[in-house]
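Visitor: Below are the sequence and a predicted model; questions follow.
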Amino acid sequence: MINRKMNRTILCIAILIVSLNTRAQTYERIVAPESTVTDTFYHHYIVEDKYRQMENVTSPETQHWLKSEEKLAKRYLAISSNKTQSYPSIDKYRHADFEFPHKVGDYYFTYAYYNDNNVPALFYQKSVNADPKIIVDPMDISSSNYIDIKYFTVSNDSKYMPLPIIGMAAI
């Protein structure tokens, strides 16, 4: 019995170590080209600069180093962004009640209550199946007043939308 528990413990520790090693990122250092330049200031202060040539961003060595750094940064950012997809995770639980969309010009417009707001926001979309995009959110205008978007118009070519007429009353 003790031997079985010990085997199970060792197996759990081994799995934990293997899983930690596979998830860990190894740091890959890209070495910048060095070439020491020495300056003397006021005949007394000696300053050595190993990376002076890096100030010339058009040199081939600097361009190569910058591209290598950019490639490395993109790889690390892609890995870290996959680990922390908090906004899409939270956004999938977001609730919105859309009213029936109506077409004005080339676009479909709809009002929607979202995030437990008690006033509807105005959304538009290019087609009925497209994702709605917000035009006016009354809560962005004022969170202390009740703002209601009464009606709006769209230009004949559907290029412009004058400001919607908004009714406002204190809550």
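Guide: Now that the structure is in, tell me what you want to look at. What you see is a predicted model, and the numbers here were worked out from it, not measured in a lab. Numbering: from 1, shown residues only.

Visitor: Break the chain into its domains for me.
Guide: Per automatic domain parsing, the structural domains of the chain span 27-89, 95-170.

Visitor: Adding mean pLDDT, mean neighbour count and distance to Ile10, write these out as CSV.
Guide: Glycine gets a C-beta too; all of them are placed from N, C-alpha and C. CSV is the format used below for the domains of the chain (pLDDT from 0 to 100; neighbours: other C-beta atoms under 10 Å; distance: least, C-beta to C-beta, whole Å):
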stretch, mean pLDDT, mean neighbour count, distance to Ile10
domain 27-89, 81, 10, 29
domain 95-170, 77, 13, 47
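
Visitor: possible to save these as a markdown table with distance to Thr9?
Guide: Listed next are the domains of the chain as a markdown table, based on distance: least, C-beta to C-beta, whole Å:
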| stretch | distance to Thr9 |
| --- | --- |
| domain 27-89 | 28 |
| domain 95-170 | 45 |
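
Visitor: Select, out of these, the one closest to Ile13.
Guide: Nearest to Ile13 among the domains of the chain is domain 27-89; the distance by C-beta to C-beta comes to 23.7 Å.

Visitor: hey, which helix is longest across this protein?
Guide: Longest helix in the chain, counting residues (DSSP state H): helix 60-83.

Visitor: Give me the residues contacting it.
Guide: For helix 60-83, the surrounding residues in contact (C-beta atoms under 8 Å, 6 or more residues apart in numbering) are 25, 28, 30, 32-33, 53-54, 56-57.

Visitor: Show me which pair in those residues is furthest apart.
Guide: Those two in those that are separated most widely, counting by C-beta to C-beta, are Gln25 and Asn56, at 31.7 Å.

Visitor: how close does Ile141 get to Ser155?
Guide: Noted for Ile141: a distance of 23 Å to Ser155, by C-beta to C-beta, to the nearest Å.

Visitor: now do Tyr42
Guide: Noted for Tyr42: a distance of 68 Å to Ser155, by C-beta to C-beta.

Visitor: ditto for Ile46
Guide: 69 Å.

Visitor: ditto for Glu99
Guide: Distance, Glu99 to Ser155, by C-beta to C-beta: 23 Å.

Visitor: mind listing the strands for this protein?
Guide: Assigned by DSSP state E, the chain shows strands spanning 37-41, 45-49, 96-98, 102-104, 107-114, 121-125, 133-136, 145-151, 165-170.

Visitor: Pipe the ones you listed into a markdown table and attach distance to Ala73 per row.
Guide: Formatted as a markdown table, the strands of the chain follow (distance: least, C-beta to C-beta, whole Å):
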| stretch | distance to Ala73 |
| --- | --- |
| strand 37-41 | 27 |
| strand 45-49 | 25 |
| strand 96-98 | 36 |
| strand 102-104 | 45 |
| strand 107-114 | 35 |
| strand 121-125 | 36 |
| strand 133-136 | 31 |
| strand 145-151 | 43 |
| strand 165-170 | 45 |
